[in-house]
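In: Need the 3D shape of this:
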Amino acid sequence: MKPRAALALFLLLVIGGGLAIGSVTVPGGWYADLAKPSFNPPGYLFGPVWTLLYVMIAVAGWRVWKARLKMPLRFWAAQLALNFAWSPTFFLAHQIGLALAIILLMLATILVFIAATWRTERAAAWLFVPYAAWVAFASLLNGAIFALN
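Out: Sure, this is the predicted structure:
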């Protein structure tokens, strides 16, 4: 497959998957009624942040695929599967504790991806740094909501 076509597929998979999951896991009344910590960001912030992060995730995955790095690509796929599992677990199943376990595992997988690509595909590693920071913050937020409810 040509690199540009592969990039388009990575973007379609990640952004399309994220948008699809986001459209069926709208927070709604259940989430509105939960007790939240004072550092809970406004809802309008999540869409733009995740859209930018999804572009970065896709490009990082494409770079790793293009460099033929099999193990990092497995970590990339694992973090994406966990990412796509978190919203339905939290917003549809209302399983705050299980969602916390998923997001912590996702954070660990993101950090392993960064470590696995740091020497061989530094750009992909750097593309995941803001993602790791956001997921660390989201983990703290998930944990606080779990503790408060």
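In: From here on, just use CA atoms for contacts and neighbour counts.
Out: Fine.
In: Give me the phi and psi angles of Asn142.
Out: Main-chain dihedrals, Asn142, degrees, to the nearest 10: phi -60, psi -50.
In: Is it in contact with Leu100, as I believe?
Out: Yes: assessed by CA atoms under 8 Å, Asn142 is found in contact with Leu100 at 5.9 Å.
In: can you tell me the distance between the two ends of stretch 12-31?
Out: Stretch 12-31 has an end-to-end distance of 28 Å (CA to CA, to the nearest Å).
In: which ones are touching the spatially most central residue of the chain?
Out: Closest to where the C-alpha atoms of the chain average out (CA atoms, centre = their mean) is Asn83, at 4.2 Å. By CA atoms under 8 Å, 6 or more residues apart in numbering, the contact set of Asn83 is 103, 106.
In: Next: Ile102.
Out: So Ile102 contacts 82, 85-86 (CA under 8 Å, 6+ apart).
In: Neighbour-wise, which one of those residues leads?
Out: Trp86 (22 neighbours; other CA atoms under 10 Å).
In: Need phi/psi at that residue.
Out: Residue torsions, per degrees, to the nearest 10, at Trp86 are phi -60, psi -50.
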